[in-house]
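> Any chance you can model this:
(2 chains)
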There are 2 protein chains.
Amino acid sequence: MVELWTITESMLNPEQLSHMETVFTQGNGYLGTRGAFEERYPNEQRTTFVHGIFDDVPVVFTELVNFPDWTEVEILIKGERFNLSEGELLSYERHLDMHSGLLSRRVRWRSPEGRTSQLKFDRFASLDNIHLACLRVEITPEDYEGSIEFRTGLSSEVDNLCFKHWQRLQQGVDHDHIWLEVRTRKSQITAGMAARIMVEAEGKVETQTWDVEGHPTIAVKTHALAGKRISIEKTVAIFTDREGTDPLSRASATLTGLPSPAWDSLWKAHVRCWEEEWRRSDVIIEGDDEAQLAVRFSIYHLLIAAPRSDECVNIGAKTLSGHGYRGHSFWDTEIFMLPVFSYARPEIARNLLSYRYHNLAGAREKASENGFQGAQYPWESAGDGREVTPTWVPNQKDRTKVIRIWTGDIEIHISSDIAFAVWQYWQVSQDHVFLADRGVEIILETARFWASRLEWDQERKLYFLRDVIGPDEYHEHVDNNAYTNYFARWHLRKAIYLANWLRELDPQQAADLLQRLQITDETLKRWKTISDQIYCPIDKTTGLIEQFEGYFQHKDVDLAGMEPRKESVQSLMGIEGVNATQVLKQPDVMMLMYLLSDEFDQATIRQNFDYYTPRTDLTFGSSLGPSIQAIMAARLGEQDQAYENFMRAARADLGDVRGNAADGIHGASAGGIWQAVVFGFAGLQVNDEGWTVTPSLPPHWKRLAFKFDWRGEEVSIDIPGKKEG
Amino acid sequence: MVELWTITESMLNPEQLSHMETVFTQGNGYLGTRGAFEERYPNEQRTTFVHGIFDDVPVVFTELVNFPDWTEVEILIKGERFNLSEGELLSYERHLDMHSGLLSRRVRWRSPEGRTSQLKFDRFASLDNIHLACLRVEITPEDYEGSIEFRTGLSSEVDNLCFKHWQRLQQGVDHDHIWLEVRTRKSQITAGMAARIMVEAEGKVETQTWDVEGHPTIAVKTHALAGKRISIEKTVAIFTDREGTDPLSRASATLTGLPSPAWDSLWKAHVRCWEEEWRRSDVIIEGDDEAQLAVRFSIYHLLIAAPRSDECVNIGAKTLSGHGYRGHSFWDTEIFMLPVFSYARPEIARNLLSYRYHNLAGAREKASENGFQGAQYPWESAGDGREVTPTWVPNQKDRTKVIRIWTGDIEIHISSDIAFAVWQYWQVSQDHVFLADRGVEIILETARFWASRLEWDQERKLYFLRDVIGPDEYHEHVDNNAYTNYFARWHLRKAIYLANWLRELDPQQAADLLQRLQITDETLKRWKTISDQIYCPIDKTTGLIEQFEGYFQHKDVDLAGMEPRKESVQSLMGIEGVNATQVLKQPDVMMLMYLLSDEFDQATIRQNFDYYTPRTDLTFGSSLGPSIQAIMAARLGEQDQAYENFMRAARADLGDVRGNAADGIHGASAGGIWQAVVFGFAGLQVNDEGWTVTPSLPPHWKRLAFKFDWRGEEVSIDIPGKKEG
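The predicted structure is shown next:
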């Protein structure tokens, strides 16, 4: 069943260039490199990102910086440049082996002048030593002899959608080594890179070193004979001063310690790491190859983006695989991706949650700027945890207008989403040390925010949250969004619980923390009072929860009647248009019932599911929707709908069903796919006492198996499908 | 008196790097290259612009594209990189010889390892063949022998304030030639460049060709002996497909035809062209070296930016010398720079006015989009004459706010400014062909705009222009700006006159044109009626003209009392703050009286001069102010004030008195300096009958001499100063 580990591209489609670059992204939790070809093409998005390397840019404030390119290799065959858009492509295949993180390309190509070559390209980003990457190119002439030249370097001539971030500090070339030191213009982060080039050929090899400003290059040339293979190996070391001083020296020293050639030994260590990754993280689905491949693809992309040794970075909405959302992180991490790690890889979950802890300063700054207490997490977060949601973006249709983006101002549920993730991680891991040292502070500081943000309505004698955006972003500036209000109540209650929990666990630590945060018994009492009076609506008769005040008065649109659609309802009706309807971009009340499932009985969930489902834009709304819909459908026994939405999510990036996979992997959708399988089809649920599994597999599945880490112990779940016949 | 042709920098000041790059810009009316050093430095703004090469960019819509760099030369002395920020600078001098357009640098430098060298850098952009540029570097070792290496290429790795515009098409390196073809990303303009490198050395020269992507480079190395000079010559050819197909072939072919070395022959032809330029355009001031140098500096910068063979480009507000205003053109061209050409170089004036003629389509589009008839010229104009004024720019102080730029919407006097420039050019040149074929159409189409833009006020029985910005941009959204209203009246009257003029000159051509523009006798009659009823206020008692309705009710601020200031009144009081006062950014009513001087008697001018002068921010307001103030002061016999403001303008770029010379030459101020000398101190005025000179030289001037072209004949003016003693 080798193929169920492999994403294969068997035909070159120039129009899919950028989409496939996203799909074929490689990484090791430190860096991510898109699957651009070694030789260059117009319209490519040749990109490497390194976690935490942000720099200022207009309009979107800050972005992950496209790192100097390490993948370029230009090949000249008797002076003819290897280029798939010329000559004749006799055969082509590209594979991503997700089991080992290897990207391979096999090409048989006839040059415009008629020379036929076999070419083989392999590369990987080491998971054993995350500062190393390695690539290898082999070429075998079939029907000619003559010079073959490889040119490869380290190029700081890269950009982010045309914008340049790097200043050059130093560089050099020396026989088989090249090196480069650069610095980001505003954030002043220094990166050091070094590469070593090794040629294997029977003939004499001539080497030239091209010390061109910003792009040190080695050019090696040899005489090739028909049928004789020539290969080049490039080993690259990458450091930044986020990890320590003098990254260039560290890069050079790392290379010096390697054997020559280095591939075999690096590869062995790398593969061992990947084996362990998959041993712990794999999800096996038998009887449904597409689902199997899709779930592994999702896990693969989460694993390559997951910081293993850095607790000051987060995963962006598009992981490290594309320029979409500029590397900014959203609730996508905590609500969609984090569960995968909390259950399967708790040490990574701890790193990600620690990022939020270390960035409390940014959240405190945001709360204070807005006139609130405590910590208000940014809707979009980057290097230092300050709010970096763009505020105004150009209106492409009318140059005299700009569009105000409100999420950074009023989509405030993010603070509770993070608290929820802390709680969930603790529930699964029982990591008391993290909770005591970091988690409680996150939850208490954000509780202080809620207590100051909630508004007392004198008339209705209730606390309100006015002017917010809920998960359904089709509706902006709403009052009392149910998701947000219920979560604020949940949040304050958990905060009180945890303050007392810490007092029991470690009275001194509790006293110190509460004093530092200026939380007294009075505060906790007040929180209790407030939490009991937050407006958390539910219709006693119908069981329906109104998504926000007045939602039921909005225009009811027959969404089914708009099929077949190829666009979101928002792009069909406009921002104002859809805002006036009941159409949702993604589940909102259902999202609440998914996350705080304890608070709702089955009948209530069913009522709301039946009401909101036909009103939700599951095809072209948010990519975050289908997986959640799949889970809720599975829990309600709606198997067809569960599977349909699961596959909708599964195809988001592999099938590019939304047409924007070129911008990067939909990280939240990837996490949602895992959740749909584990929480939906397997029906895994945890509570204070333990965990339960309530399987509801799609009928054609023959087996579903996965592992998770239950409070330090590995639990294996293996669910058989329905017997055939 | 050689020094009065030479701008000298005798000390290297790293903080003045960008300012001096602007000052030392070279050009030939096709390209402009800033005076960045051959070797690279951080914070340099290494820039070459070529007229008409615009490309899309966020926020400011379009900008002149920084051309691939042709000036880079890296020098390695026994492996040590020549770099003025290291080692010891024993002597340093840089000269711009404005008489020949030669930029030279002489350096004596001791390397960190103690090797002393003499270096000499010279370069020019050929005025004889505007597609050619040439540079030469000489190095003489004083106290060592060993390898000297020069590395030089053509680099497409350039950016506009971090933004990249170029895609690579092809490139190559072949012994002593390099070439590069690139294309702008959105506007799809192709540029082809080729360079030839020649070394003169006694020893053997080793050449390497480095064909690095986007940056083809030649590296030449030789063994140098103490006291023996080694030199390298680089000749560069530059073409774009704006001039014809296959620019790369044309560049290569141009180089092929040159002798080797090429410097001497190119230099001779180049110098001959500059001699003729200065013969026609020089202004001689004796008795005031600073003024002499400043006026030549202004003329030099206008001449190197002036398109001699292209009537589809305009001069940007910052010429071709910097990124300020992104190469966009304003009224700065027609009102401030154009007179220099209309009087001294009419063929250039005709090119510039033809740019407006060829871009009538953009102006028609703007009028039509705004619901008006005819043609409304854009406030900021670039490649195709559409409106490219930025509409919204980020507020650097508050990320949640954006600033609306209104000039592109409502600073509508530009259409009359262009009409005025057509009229002025014709008055001086009597170029009936241009006027009949192009000028009349410009004036009639813009007259149609005015006729539709003017609003009838039923109550006051007058035509109004509401919601405009006049020349004084401290006041936005004003009604009945006097400058704009008086000019609209002037404009309609001249349009009627010219319609009849063309009917007399060529009835058939007139009939065709008027029919095409749908202008009938009725139209002309209506224009007459409208023009007689435009609200053009003047206080009969005091002679004062109110700058706009309600201006006199604005708060009167004691500007003198705010001295000493180091900022504009706007930055001190804020946009809203200054808007509420009577403080002007630049002359507005006085500007009107300067341009339409026929319409006002001396007493009225004096009254308004006395009122508005103390209310005008002449130090840190607009750079367009001081020269106009100087002229009006000179005309009124206020010699001290005239000279003070003249020198204020004269120092704008040489002295960087406004602190923004790094962004490029203040082109309008350069034109204003010439006007202050010629129209102010010499008092040259023309009318239908002829010209008059009414000198009013600063007392210490011993002579003022200049030429101008009066209807095809060269007129020499030579005014002696006051006799000494």
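> mind listing what the closest residue to chain B within chain A touches?
Using CB to the nearest CB, the single residue of chain A nearest to chain B is residue A:210, 3.9 Å away. C-beta here means a position set from N, CA and C on the backbone, and glycine is covered the same way. Shown in contact with residue A:210 (CB atoms under 8 Å, 6 or more residues apart in numbering or on different chains): A:151, A:153, A:173, A:216, A:217, A:218, A:219, B:208, B:210, B:212, B:217, B:219.
> Look at residue A:561 and report its pLDDT.
Residue A:561 is assigned 89 on the pLDDT scale.
> cool, and the one 3 residues further on?
On pLDDT, residue A:564 comes in at 87.
> does the residue of chain A closest to chain B sit in a helix, a strand or a coil?
Following DSSP: H, G, I helix; E, B strand; the rest coil, residue A:210 is assigned to strand.
> Looking at the contacts of residue A:210, spot the one nearest residue B:493.
residue B:217 (61.3 Å; CB to CB).
> The helix or strand that closest one falls within near chain A anywhere?
Here residue B:217 sits within strand B:215-224, counting by DSSP states H and E. Yes. Using CB under 8 Å from any CB of the partner chain, strand B:215-224 reaches chain A at B:215, B:217, B:219.
> Show me where the stretch 251-400 of chain A has its helices.
Per DSSP state H, counting those that start in this stretch, the stretch 251-400 of chain A carries helices over the ranges A:263-281, A:289-305, A:331, A:338-344, A:346-358, A:360-369.
> which of those sits most buried?
helix A:338-344 (a mean of 26; mean count of other CB atoms under 10 Å in any protein chain shown).
> near chain B, which residues of chain A show up?
Near chain B, when you scan chain A using CB under 8 Å from any CB, you find A:40, A:42, A:58-59, A:61, A:72, A:74, A:151, A:153, A:155, A:157, A:159, A:162-165, A:167, A:185, A:208, A:210-215, A:217, A:219, A:391-392, A:394, A:399-402, A:409.
> Just the buried ones from the residues you listed?
A:40, A:59, A:61, A:72, A:74, A:151, A:153, A:155, A:157, A:159, A:162-165, A:167, A:185, A:208, A:210-215, A:217, A:219, A:391-392, A:394, A:399, A:402, A:409 (16 or more other CB atoms under 10 Å in any protein chain shown).
> Please flag which of those sit within strands.
Taking DSSP state E as the definition of strands, these contribute A:61, A:74, A:151, A:153, A:167, A:208, A:210-212, A:215, A:217, A:219, A:392, A:394, A:402.
> Quick one: mean pLDDT for stretch A:266-280?
The model assigns stretch A:266-280 a mean pLDDT of 97.
> Residue A:651: which element?
Assigned by DSSP H and E, residue A:651 falls in helix A:639-654.
> now residue A:7
strand A:6-9.
> and that strand, how far from the chain's centre?
Distance of strand A:6-9 from its chain centroid, counting by CA atoms, centre = their mean, to the nearest Å, is 21 Å.
> hey, C-alpha coordinates of that strand in PDB?
The C-alpha coordinates for strand A:6-9 follow below in PDB (Å, rounded to 0.1, in the frame of the first residue of the first chain):
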ATOM      1  CA  THR A   6       2.500   9.200  -1.700                       C
ATOM      2  CA  ILE A   7       1.100  12.200  -3.500                       C
ATOM      3  CA  THR A   8       1.800  11.800  -7.100                       C
ATOM      4  CA  GLU A   9       1.800  14.200 -10.000                       C
END
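> ok but residue A:541 is inside a helix, no?
No. According to three-state DSSP, residue A:541 belongs to no helix; its state is coil.
> low-scoring stretches of chain A, by residue?
A:1-2, A:724-725 (pLDDT under 70).
> again, 50 this time
A:1-2, A:725 (pLDDT under 50).
> Show me which helix runs longest in it.
For chain A, the helix that runs over the most residues, judged by DSSP state H, is helix A:482-505.
> Next, the buried residues of that one.
Neighbour counts over helix A:482-505 (16+ other CB under 10 Å) mark A:482-492, A:494-496, A:498-499, A:501-502 as buried.
> immediately after that helix, which helix or strand?
Taking DSSP H and E as the definition, the helix or strand right after helix A:482-505 is helix A:507-516.
> Show me how far that next one is from its chain's centre.
36 Å.
> buried ones in it?
A:510, A:513, A:514.
> rewinding a little: now, among the contacts of residue A:210, which is nearest to residue A:306?
residue A:153 (30.0 Å).
> what about the closest one, distance to residue A:255?
As judged by CB to CB, to the nearest Å, residue A:153 and residue A:255 stand 15 Å apart.
> circling back to that earlier point, partner strands of the strand holding residue B:217 and their direction?
Strands that pair with strand B:215-224, judged by DSSP bridges, come out as strand B:146-153 (antiparallel), strand B:205-212 (antiparallel).
> Make CSV out of the ones you listed and add distance to residue B:644.
Output for the strands paired with strand B:215-224, formatted as CSV (distance: least, CB to CB, whole Å):
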stretch, distance to residue B:644
strand B:146-153, 47
strand B:205-212, 54
